[in-house]
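Student: Generate coordinates for the sequence data below:
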Amino acid sequence: MSGNRVHFIAIGGSAMHNLALALHYKGYKVSGSDDEIFDPASGRLAACGLLPENLGWFPEKLDTGIDAVILGMHASGDNPELARARRLGLNIYSYPEFLYEQSKDKLRVVIGGSHGKTTITAIILHVMKYAGIDCDYMVGAKLEGFDVMVKLTEKAPFMVIEGDEYLTSALDPRPKFHLYKPDIAVISGIAWDHMNVFPTFDNYVEQFRIFTKMVPDNGSIVYCAADEEVNKVVSVTPGAMLKLPYNVPAFRIDQGITILENSTGAVPLKIFGRHNLMNLEGARLVCNLLEISDSLFYEAVSSYNGASNRLELLATNSDTAVYRDFAHAPSKLQATISAAKEQFPDRRLVACFELHTYSSLSKDFLVQYLGSMDDADDAIVFFSRHALKLKRLPDLDVEDVKKAIDKKGLQVFTDSAELQALLLSYEWKNANLLMMTSGNFDGLNLKELAEKIVS
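Tutor: Numbers count the residues shown, from 1 in each chain. Down below sits the predicted model:
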């Protein structure tokens with residue numbers, strides 16, 4: 001296997017460059033191309049000698065000695081390297097297809113859901129590492145204590161996969177998580193997302209129905225019982241597989257620290273929020289299925305700090321904290337704001353949210369955000385007109401945004417410098433700030449902003 005040659009079309013993507021690194025570490029000979037590569041992908045590829053010398057597509061890189069071509073989502077169907085790979089009759093895989101090929105002889109845990117996927121995956125990996133259990137994995141965020149986001153080996157008996165429901169590639173319109181064939185499936189929640197791909201809510205839910213039907217009779221489905229849509233999907237899933245529901249575990253908050261209350265005793269955590277506690281429960285049930293005891297699980301999870309961009313603490317002092325979160329869909333936004341308010345009930349909460357995804361920037365979808373910022377004391381929304389142009393969407397009217405979210409006193413910005421000036425002008429004593437986005441607020445340096453606020 002170590003002599004395999006693999007070529008990546010669109011090697012610079014977040015998922016793609018991590019898979020390229022994983023195969024490089026496994027001993028494969030890796031090459032690739034892309035028409036744009038940014039950091040951190042650029043630097044990480046360069047460190048391993050995998051960064052293409054020139055940007056662009058170069059069909060001459062492909063020859064009959066290549067064992068596999070991996071096609072990224074960023075590559076279009078008329079890509080010249082793809083055309084040459086087809087002419088040469090090379091084996092062409094999408095990213096998830098190749099992950100399955102690498103894991104088909106292992107027990108596969110696939111974590112699906114509109115929200116919570118990364119956190120559940122991260123907690124499972126943290127606990128398995130603590131327990132000294134070897135496993136391969138793919139996760140969608142940088143995790144503390146893990147050098148790479150994809151790990152592939154010959155010997156690991158398990159593969160833990162974060163199962164995204166977005167499309168596989170330009171050639172394959174199936175959701176990625178349909179290709180992994182789970183032995184243990186997790187569904188953390190269902191809330192309409194990716195409106196550009198799934199035009200109706202039922203069309204979106206159908207992808208999860210298909211996912212659960214892929215679990216074999218000797219497999220398991222771990223699911224969030226607090227989510228009505230998840231319950232509906234799992235209840236009608238045929239088969240003899242084990243179905244394990246989870247909910248919010250018993251807990252209390254003491255001076256800003258969340259403490260679990262269970263049969264093993266009090267377990268103080270470094271994470272907080274009911275949604276995160278449900279994610280933790282889902283991870284616990286998966287770990288039980290992998291023969292990790294509750295006592296070992298709780299011992300391990302007490303040191304879990306969270307995944308990058310998931311209620312990540314950017315800066316803090318004695319009476320102010322600034323957090324960054326990936327929240328972008330309505331359910332994620334509401335859950336994150338509620339968590340921050342519950343954890344620090346005596347502090348004013350300023351919630352700042354960027355409309356960034358295709359769905360969130362679509363006027364027809366905006367109504368889904370109604371009431372999602374109600375728990376914030378001060379609510380701010382930002383969107384970039386440049387992002388609208390890139391996504392080829394019609395311009396948004398500030399008043400339409402205010403009307404859709406319907407939060408008293410809501411402020412809406414389209415200029416990141418003006419937004420930063422406002423935040424720096426606030427009195428931050430006994431107040432917290434939440435910066436929520438799947439983008440970057442049009443280049444705003446959130447870490448630097450956070451340090452200025454707490455200083």
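
Student: who touches the longest strand that the chain contains?
Tutor: Criterion DSSP state E: the longest strand present in the chain is strand 348-355. If you take C-beta atoms under 8 Å, 6 or more residues apart in numbering as the criterion, strand 348-355 is touched by 327-328, 333, 337, 340-341, 361, 373, 375-384, 396, 401, 419, 423, 426, 430-439, 441. All C-beta atoms are positioned from the backbone trio N, CA, C, and that covers glycine.

Student: One more pass at 6 Å, please.
Tutor: Contacts to strand 348-355, defined as C-beta atoms under 6 Å, 6 or more residues apart in numbering, come from residues 333, 337, 340-341, 361, 373, 376-383, 431-437, 439, 441.

Student: Sheet-wise, list the partners of it with their directions.
Tutor: strand 378-383 (parallel), strand 431-436 (parallel) (DSSP bridges).

Student: Need the buried ones from the contacts of strand 348-355 selected in ChimeraX.
Tutor: In ChimeraX syntax, the buried subset of the contacts of strand 348-355 is picked out as below (16 or more other C-beta atoms under 10 Å):
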select :333,337,340,341,361,373,376,378,379,380,381,382,383,431,432,433,434,435,436,437,439,441
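
Student: got the domain boundaries for the chain?
Tutor: 5-90, 98-301, 312-454 (automatic domain parsing).

Student: In the stretch 201-350 of the chain, where is pLDDT below threshold?
Tutor: Under the criterion pLDDT under 70, no range of the stretch 201-350 of the chain is flagged.

Student: which residues of it fall in helices?
Tutor: Secondary structure of the stretch 201-350 of the chain (DSSP state H, counting those that start in this stretch): helices located at 201-213, 228-235, 274-289, 294-301, 330-343.

Student: same deal with the stretch 351-455 of the chain?
Tutor: Using DSSP H, counting those that start in this stretch, helices in the stretch 351-455 of the chain cover 385-390, 398-405, 416-425, 446-454.

Student: Outside of the second one itself, list whatever touches it.
Tutor: Looking back up the chat, that one is helix 398-405. 366-367, 369, 373, 381, 410, 412.

Student: Go again with 7 Å.
Tutor: Residues outside helix 398-405 that contact it (C-beta atoms under 7 Å, 6 or more residues apart in numbering) are 363, 366-367, 369-370, 372-373, 381, 410, 412.

Student: One more: the shortest one?
Tutor: Residues outside helix 385-390 that contact it (C-beta under 7 Å, 6+ apart) are 356, 361, 395-396, 414, 439, 442.

Student: Next, the angle from the longest strand of the chain to helix 446-454.
Tutor: 160 degrees (axes from the mean of the first three to the mean of the last three C-alpha atoms, to 10 degrees).

Student: Strand 348-355 to helix 398-405, inter-axis angle?
Tutor: Using the same axes, to 10 degrees: strand 348-355 against helix 398-405 is 120 degrees.

Student: quick revisit: out of the helices of the stretch 351-455 of the chain, flag the one nearest N262.
Tutor: Ranking these by proximity to N262 (C-beta to C-beta) places helix 446-454 first, at 33.6 Å.

Student: In that closest one, which of the residues would be classed as buried?
Tutor: For helix 446-454, burial by neighbour count (16+ other C-beta under 10 Å) applies to 446, 449-450, 453-454.

Student: Please apply the same query to stretch 393-410.
Tutor: Within stretch 393-410, the residues that count as buried by 16+ other C-beta under 10 Å are 396, 401-402, 404-405, 407, 410.

Student: As CSV, those with distance to I161 and pLDDT would be great.
Tutor: Listed next are the buried residues of stretch 393-410 as CSV, based on distance: C-beta to C-beta, whole Å; pLDDT from 0 to 100:
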residue, distance to I161, pLDDT
L396, 35, 94
V401, 36, 96
K402, 40, 96
A404, 35, 95
I405, 34, 96
K407, 37, 96
L410, 38, 97
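
Student: Nearest to P238, out of those residues: which one, please.
Tutor: Closest to P238, out of all of the buried residues of stretch 393-410 and judged by C-beta to C-beta, is A404, at 39.1 Å.

Student: where's that closest one relative to F365, distance?
Tutor: Distance, A404 to F365, by C-beta to C-beta, to the nearest Å: 9 Å.

Student: now, which of the contacts of helix 385-390 sits nearest A47?
Tutor: G439 (26.0 Å).

Student: unless I'm mixing things up, that closest one is touching S360, no?
Tutor: No - contact between G439 and S360 fails when scored by C-beta atoms under 7 Å: they sit 9.9 Å apart.

Student: Tell me which two in the contacts of helix 398-405 are the farthest apart.
Tutor: K363 and M373 (17.9 Å).

Student: could you pull out the strands for the stretch 1-150 of the chain?
Tutor: With DSSP state E, counting those that start in this stretch as the criterion, the stretch 1-150 of the chain has strands at 5-9, 29-33, 68-71, 92-94, 107-112, 136-138, 150-151.

Student: any residues touching the shortest one, and which ones?
Tutor: Read that as strand 150-151. For strand 150-151, contacts defined as C-beta under 7 Å, 6+ apart pick out 18-19, 22, 136-138.

Student: Adjacent strands (with direction) for it?
Tutor: Strand pairing (DSSP bridges) places strand 150-151 next to strand 136-138 (antiparallel).

Student: Let me know the average pLDDT across the partner strand.
Tutor: Across strand 136-138, the average pLDDT comes to 97.

Student: before we move on, what about stretch 117-126?
Tutor: pLDDT averaged over stretch 117-126 gives 96.

Student: just stretch 32-49 next, same as before
Tutor: Rounded mean pLDDT across stretch 32-49 is 94.

Student: Please identify the buried residues of that stretch?
Tutor: In stretch 32-49, counting by 16+ other C-beta under 10 Å, buried: 32-34, 37, 41-42, 44-45.

Student: Now do that stretch: distance from first to last residue.
Tutor: 11 Å (C-alpha to C-alpha, to the nearest Å).

Student: just stretch 261-278 next, same as before
Tutor: End-to-end distance for stretch 261-278: 14 Å, by C-alpha to C-alpha.
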